[in-house]
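Peer 1: Return a 3D structure for these sequence lines:
(one chain, ligands or ions: 1)
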Amino acid sequence: MKPGPRYTPLVESLPATVPFVGPEAQERSRGRPFKARLGANENVFGPSPRAVAAMEAAAREVWMYGDSASHALRAALAGELGVPPGNILVGEGIDGLLGSLVRLTVGPGDPVVTSAGAYPTFTYHVAGYGGSVVSVPYRDDHENPAALIAAAAETGAKLVYIANPDNPMGTWHGPAQIRAMIEAVPDGTLLVLDEAYIEFAPRGTAPTIDPEDPRVIRLRTFSKAYGMAGARVGYAIGAAPLIAAFDKVRNHFGMSRIGQAGALAALGDADHLSEVQAAVSVARGRIAETAAANGLTTLPSAANFVAIDCGRDGAFSTRVLEELGALDVFVRKPFVAPEDRCIRVSAGTPEMLDLFERTLPLALAAARGG
Ligand SMILES: Cc1ncc(COP(=O)(O)O)c(C=O)c1O
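Peer 2: Residues are numbered from 1 along each chain as shown. As a prediction, this is how the structure comes out:
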């Protein structure tokens, strides 16, 4: 027998992939830092000063584990959302919650449905539990609710995933379309509604959903509008039996004490949230202006990033992305055609967007010449 661990046949079969190469890893291989970090849809405007103060105070108590039930944060979210605490689960970001959800529901060979080129962490987890991913194409740069539901019905999918607003395109569906999607969810399928960017969407985009509706689970995060991506705090809203089932598989002490304290304080600072929403809206406008000044169009966005249509194929937009990287501007782009004709630029500070404005024409010229 060979020395070393004996992996499961499933793990042996998986390719050695990471869903994203993080900016730090890219900086290490480039040998220098980026000057404008506009690729990871982080919130450059940062957390509420109240959250920072709470996290500083919590740092002194960090010898203690965090509350495994995240009781105070869960209660505050319940108050904020007007739903009972039993319908809320706090977890290590949406990514962590997706992992637990997939572990709860997907076994080897079980089908799940998502959009081709949608946020990839979901399918990464599905692969890790041996599920089978059925992908449907976007339609007109939007995820396609009717096609997602049809594919779920056809395959008997355990889960059907949609992000609203969507990443990587930033497009969105209104509440009536999401409600219609819930009404059409086939028996035995759970709709996973990823609302990571919902605070940036037009008011009223999030539909009212009965928290006890067993057909849907909503996922939200403190990583985006609350500016706390590094703290890893997200939450799920779902029917009480589903929320309770997570206790069978979740990482009970996965929530850091510091993250819980920060999120609780952030939730209490509505003014800061409004300031961030306004700053993101200005930045989206600025990205669109820069694109237009270079003869490019942008997609309307309800998120904290903008997809710029580079006007040619995916190979061309990849060259634009690489040239921007060479000029120290980190952006990302969609993976799948025809959406991959775009680059995706996150809302930045005015200084970062100044650099983007100076470098985009150079990157486009280099990409055209290359
Ligand atoms: C659609 C979507 N869902 C989830 C996440 C990750 O959220 P979290 O930081 O809470 O894990 C992202 C981050 O980019 C995202 O784009």
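Peer 1: and Arg344, helix, strand or coil?
Peer 2: strand (DSSP: H, G, I helix; E, B strand; the rest coil).
Peer 1: Just list the residues touching it, thanks.
Peer 2: 39, 41, 167-168, 170, 305-308, 331-334 (CB atoms under 8 Å, 6 or more residues apart in numbering). In short, each C-beta sits where N, CA and C put it, glycine included.
Peer 1: State the helix or strand in which Asp95 lies.
Peer 2: helix 93-105 (DSSP states H and E).
Peer 1: still on that earlier bit, and the ligand, which of the contacts of Arg344 reach it?
Peer 2: 41, 167 (CB under 6 Å from any ligand atom).
Peer 1: so of the contacts of Arg344, which ones are in helices?
Peer 2: In helices, judged by DSSP state H, none of the contacts of Arg344 are found.
Peer 1: Send over the helix ranked longest in the chain as PDB, restricted to the C-alpha atoms.
Peer 2: For the chain, the helix with the greatest residue count under DSSP H is helix 270-293. Only the C-alpha atoms of helix 270-293 are listed here, as PDB (Å, rounded to 0.1, in the frame of the first residue of the first chain):
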ATOM      1  CA  ALA A 270     -28.200  52.100   9.500                       C
ATOM      2  CA  ASP A 271     -26.600  55.400   8.600                       C
ATOM      3  CA  HIS A 272     -23.300  53.800   7.700                       C
ATOM      4  CA  LEU A 273     -25.200  51.300   5.500                       C
ATOM      5  CA  SER A 274     -26.900  54.200   3.700                       C
ATOM      6  CA  GLU A 275     -23.600  55.900   3.200                       C
ATOM      7  CA  VAL A 276     -22.100  52.800   1.600                       C
ATOM      8  CA  GLN A 277     -25.100  52.400  -0.600                       C
ATOM      9  CA  ALA A 278     -24.700  55.900  -1.800                       C
ATOM     10  CA  ALA A 279     -21.000  55.600  -2.400                       C
ATOM     11  CA  VAL A 280     -21.500  52.300  -4.300                       C
ATOM     12  CA  SER A 281     -24.100  54.000  -6.500                       C
ATOM     13  CA  VAL A 282     -21.700  56.800  -7.300                       C
ATOM     14  CA  ALA A 283     -18.900  54.300  -8.100                       C
ATOM     15  CA  ARG A 284     -21.200  52.300 -10.400                       C
ATOM     16  CA  GLY A 285     -21.900  55.500 -12.300                       C
ATOM     17  CA  ARG A 286     -18.200  56.400 -12.500                       C
ATOM     18  CA  ILE A 287     -17.400  52.900 -13.900                       C
ATOM     19  CA  ALA A 288     -20.100  53.300 -16.500                       C
ATOM     20  CA  GLU A 289     -18.700  56.800 -17.500                       C
ATOM     21  CA  THR A 290     -15.200  55.400 -17.800                       C
ATOM     22  CA  ALA A 291     -16.500  52.600 -20.000                       C
ATOM     23  CA  ALA A 292     -18.500  55.000 -22.200                       C
ATOM     24  CA  ALA A 293     -15.500  57.300 -22.600                       C
END
